[in-house]
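In: okay, predicted coordinates and the sequence, questions at the end:
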Amino acid sequence: MENVKCNRCGKAYAIRSMSQDLSGKGLVCEECFQIINKVRADADRLIERKIMNVEKSTGDKRSAEHARLQREGREYMCRNCNYKFFTTLQVKRCPYCSDENRLTSMNDLVKEIDDIIRSR
């Protein structure tokens, strides 16, 4: 039987006990193959944990960003098409129907309704 050198450890083994390495270009012994798979599995778990941590911290940042936008932004309603939207930008026209000067801040609208109710 022919012996072949392991690409990782350099020891000679019977060709039947060899496996193809991950690159597909060489052969490794069974012992090295198991080590490589264990290291790869550990690396995959580590990467997965890091991804989960990043997603969690990103989710927390998104929640904080959303809360900040809620504090700083305004809700508007178009009196032409009744489209309601929320934005932190200054707007002059409805993003839905493009009508100009028909936007009312929901805060202003609530005040108008309160004024109408009080006047009755």
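Out: Everything's here; your move.
In: C-alpha from now on. contacts and neighbour counts both.
Out: OK.
In: can you name the next helix or strand after the helix or strand K56 falls within?
Out: Taking DSSP states H and E as the definition, K56 sits inside helix 30-72. Helices and strands here follow DSSP H and E; after helix 30-72, the next one along the chain is strand 74-78.
In: which residues does that following strand contact?
Out: 83-88, 94, 102-107 (CA atoms under 8 Å, 6 or more residues apart in numbering).
In: going through those, which ones are buried?
Out: Buried by 16 or more other CA atoms under 10 Å: K84, C94, L103, T104, S105, M106, out of the contacts of strand 74-78.
In: and the two most separated of those residues?
Out: C94 and M106 (13.7 Å; CA to CA).
In: the helix or strand bottoming out on mean pLDDT in the chain packs against which elements?
Out: When each helix and strand of the chain is scored by mean pLDDT, DSSP states H and E, helix 106-119 comes last, with a mean of 72. Under the contact definition 3 or more CA pairs under 8 Å, 6 or more residues apart in numbering; DSSP states H and E, helix 106-119 sits against strand 74-78.
In: one more pass at 10 Å, please.
Out: Helix 106-119 makes packing contacts with strand 74-78, strand 84-87 when contacts are defined by 3 or more CA pairs under 10 Å, 6 or more residues apart in numbering; DSSP states H and E.
In: and the angle from it to strand 74-78?
Out: In terms of direction (axes from the mean of the first three to the mean of the last three CA atoms, to 10 degrees), helix 106-119 departs from strand 74-78 by 70 degrees.
In: contacts for helix 106-119, please.
Out: For helix 106-119, the external contacting residues (CA atoms under 10 Å, 6 or more residues apart in numbering) are R74, E75, Y76, M77, C78, K84, F85, F86, T104, S105.
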